[in-house]
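# fold the following, please.
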Amino acid sequence: MNMLTRTRTALRAFRRAFTGGYDIVGNSGRWPGAYTLNAPISQQLAAGRLASRRVAHQTENNSLISSIVQHMTTALIADGPTARAAHPDPEIAAHLHRAWNAFYSDCSIEGRQSLGGYLSRVARGLMIDGESFSKLITDPQTMRLKLQLLTADQIDSSRTVPSLGLTGDAPMIIAGVEFADDGGIVAYWVFKSPPDAPWASVEPAVRVDAMDICHVVEHRFPGSVRGVSPLTAVAPLAMELDQALDAAVVKMKVTALMSMIVRDVDGNVPLDAATDPASLHLEPGATLRLPPGTDVTFPPVAEMSTVAEVMTHIERLICAGSGVPYFLAAGDLAAVNFSAGKLGMASFQRRVRAIQQNHIVAQLLNPIWDRLVLLEVLSGRLHAPDYESNPERYTASFLFPGWPAIDELKTAKANTLAVAAKLRSRADIIAEQGRDIADVDAEIAADPYADDDLSSSATNITNQTETETQNA
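The predicted model follows:
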């Protein structure tokens, strides 16, 4: 028995030393049993649609979440990007620009919507649903491209068909996304109309080739199929913030009500018109004469001096989790100086540029441009003999609107010094503002006031000190 006891003790010590050597494994008891993400892909698929519905509700009812979605959507798209064709032939590039501008002004199958407005809806879907689907539709009469925005619910998330890998077996379908044997996406299963639309179609989902669907999504895990809202992590905090705000408002209303309690200390005061609680009223400017043996007490009022700090801390956590600076989302610019504002905006701008290039451009704008060029060639409107031999010439880069400078004079001085020191080019600086250097040079050439005198004046201003600039 002693030997068995010693063996058990040794095994427990071994388990503590090697299995539970890290507190993260949970053997310390600090970690709840459900505090793990055991199957990220499956758990994301199971929670994604519910998360989007709750975030959508908060977007329409929570002022802070609504502000975050609005600022992120505006930062991502603004009034829309500018396309710059890469073709070296000026005539072909000009033709592609004209085709792009015509498509830009009226891109939606619904009609009368510019690409900037359409992309704003895409960015909003990316924030709320974690994904956005666009269908490329070709008008058979005009051979023009149109876009149809699909809701995330239009992709049949209930359609999941496993594949056994046998010859002639059905393809693998996960949450409405069909895969080939090599893992590539080949099709999507799409409902004709949104399931929540009035008089929605009851027809089953139909198969749409992946070439005609643009799926804008940020995959968080390898192998993930669908997206999840980036606000999922902060949604619980936003709900707590709503509850705390409601409670604070109720508390302030109760505190604003002045009330008192008249007590009979000795218990010998007879009730009459002056002492009957039903007849006592406290009014502004009134003086109550109480009989001997009575006193007045007031209900205790809880301290609320720290409520604002707690709520502000929660708001900062929500903004940090969403990637939007607190002073932007909350509109609190009281404590923001130039350095703090520039530092906060720099991180936000880098995040916005990453989403623009990695998702908006790569997953949506590039396929749109390729289809647009293809239709121009197939319709005969564009003579492109090198289209098949040199496809890289028919690509484009997209320039999004730039960010307004916090201090325009300091930014202009910094850009001028960077160009003079050959650390940056004019094209780089102009592209930051979402414009093409060719357009800017053409405007300067047509401007009769763009002469050397203005250039020398700009150089003199750049060389001025801060004090000289303020006194000028």
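
# isn't residue 121 up against residue 148?
No - Residue 121 is beyond contact range of residue 148, at 11.4 Å (criterion: C-beta atoms under 8 Å). No exception for glycine: its C-beta is placed from N, CA and C like everyone else's.

# show me where pLDDT drops low in the stretch 351-472 of the chain?
Along the stretch 351-472 of the chain, the model assigns pLDDT under 70 to residues 449-472.

# now the helices for it?
Along the stretch 351-472 of the chain, the stretches classed as helices by DSSP state H, counting those that start in this stretch are 366-378, 408-420, 426-432, 437-446, 452-463, 466-471.

# domain parsing for the chain?
For the chain, automatic domain parsing gives the domain ranges 40-217, 404-466.

# so what's the predicted local confidence for residue 311?
As predicted, residue 311 sits at a pLDDT of 91.

# I meant to write residue 341 there.
Per-residue pLDDT puts residue 341 at 83.

# that one and residue 325, how far apart?
Remark: distance between residue 341 and residue 325 (C-beta to C-beta, to the nearest Å) = 8 Å.

# who has more neighbours, the two?
The residue with more neighbours, out of residue 341 and residue 325, is residue 325; 21 against 16, by other C-beta atoms under 10 Å.

# just for the stretch 51-200 of the chain, where's the confidence low?
Along the stretch 51-200 of the chain, segments meeting pLDDT under 70 span 165-169.

# quick one: the helices in it?
With DSSP H, counting those that start in this stretch, the ranges of helices along the stretch 51-200 of the chain come out as 63-77, 90-105, 115-128.

# pull out the buried positions in the shortest one.
Right, the one you point to is helix 115-128. 115-116, 118-128 (16 or more other C-beta atoms under 10 Å).

# re earlier: now the helices of the stretch 51-200 of the chain as a markdown table including distance to residue 216?
Shown next, in a markdown table, are these (distance: least, C-beta to C-beta, whole Å):
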| stretch | distance to residue 216 |
| --- | --- |
| helix 63-77 | 11 |
| helix 90-105 | 18 |
| helix 115-128 | 6 |
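
# and of these, who's closest to residue 239?
Closest to residue 239 of the helices of the stretch 51-200 of the chain, according to C-beta to C-beta: helix 63-77, at 9.8 Å.

# does anything pack onto the closest one? Which helices or strands?
Applying 3 or more C-beta pairs under 8 Å, 6 or more residues apart in numbering; DSSP states H and E, we find helix 63-77 packed against helix 40-61, helix 115-128, helix 235-256, helix 307-322, helix 326-329, helix 338-355.

# turn these into JSON lines, columns for distance to residue 104.
Shown next, in JSON lines, are these (distance: least, C-beta to C-beta, whole Å):
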{"stretch": "helix 40-61", "distance to residue 104": "27"}
{"stretch": "helix 115-128", "distance to residue 104": "5"}
{"stretch": "helix 235-256", "distance to residue 104": "35"}
{"stretch": "helix 307-322", "distance to residue 104": "30"}
{"stretch": "helix 326-329", "distance to residue 104": "28"}
{"stretch": "helix 338-355", "distance to residue 104": "21"}
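
# to residue 401, which of these lies closest?
Comparing those by C-beta to C-beta, helix 115-128 comes nearest, at 9.3 Å.

# what's the closest one packed up against?
helix 40-61, helix 63-77, helix 90-105, strand 131-138, strand 145-150, strand 213-217.

# quickly run through the sheet partners of the fourth one, with directions.
Looking back up the chat, that one is strand 131-138. Strand 131-138 has the following sheet partners, assigned by DSSP bridges: strand 145-150 (antiparallel), strand 213-217 (antiparallel).

# quick one, strands of the stretch 151-300 of the chain?
172-174, 177-179, 185-190, 206-209, 213-217, 261-264, 294-297 (DSSP state E, counting those that start in this stretch).

# and residue 394, which of these is closest to it?
Residue 394 lies closest, by C-beta to C-beta, to one member of the strands of the stretch 151-300 of the chain: strand 213-217, at 18.3 Å.

# and the angle from that closest one to helix 115-128?
Angle between the axes of strand 213-217 and helix 115-128 is 50 degrees (criterion: axes from the mean of the first three to the mean of the last three C-alpha atoms, to 10 degrees).

# tally of neighbours for residue 333?
Neighbourhood size, residue 333 [other C-beta under 10 Å]: 10.

# so how far is residue 25 from the spatially closest residue to it that is not a sequence neighbour?
Using C-beta to C-beta, 6 or more residues apart in numbering and skipping the chain neighbours, the partner closest in space to residue 333 is residue 327 (5.5 Å). Separation of residue 327 from residue 25 (C-beta to C-beta) stands at 40 Å.

# so between those two, which is more surrounded?
Higher neighbour count among residue 327 and residue 25: residue 327, with 18 against 10, using other C-beta under 10 Å.

# measure that one to residue 46 for me?
If you measure residue 327 against residue 46 using C-beta to C-beta, the figure is 36 Å.

# what does residue 190 give?
Separation of residue 190 from residue 46 (C-beta to C-beta): 21 Å.

# between these two, who's got more neighbours?
Neighbour count, other C-beta under 10 Å: between residue 190 and residue 46, residue 190 has more, with 20 against 13.

# ok, what's across the strand from the closest residue to that one other than its chain neighbours?
Once flanking residues are discounted, residue 190 sits nearest to residue 208: 4.9 Å by C-beta to C-beta, 6+ apart. Taking DSSP bridges as the rule, residue 208 bridges to residue 188.

# burial check on residue 208, number of neighbours?
Look at residue 208: counted by other C-beta under 10 Å, it has 18 neighbours.

# what does the pLDDT read for it?
96.

# I'd say it and residue 188 touch.
Yes - Residue 208 lies in contact with residue 188 (C-beta under 8 Å); the separation is 5.2 Å.
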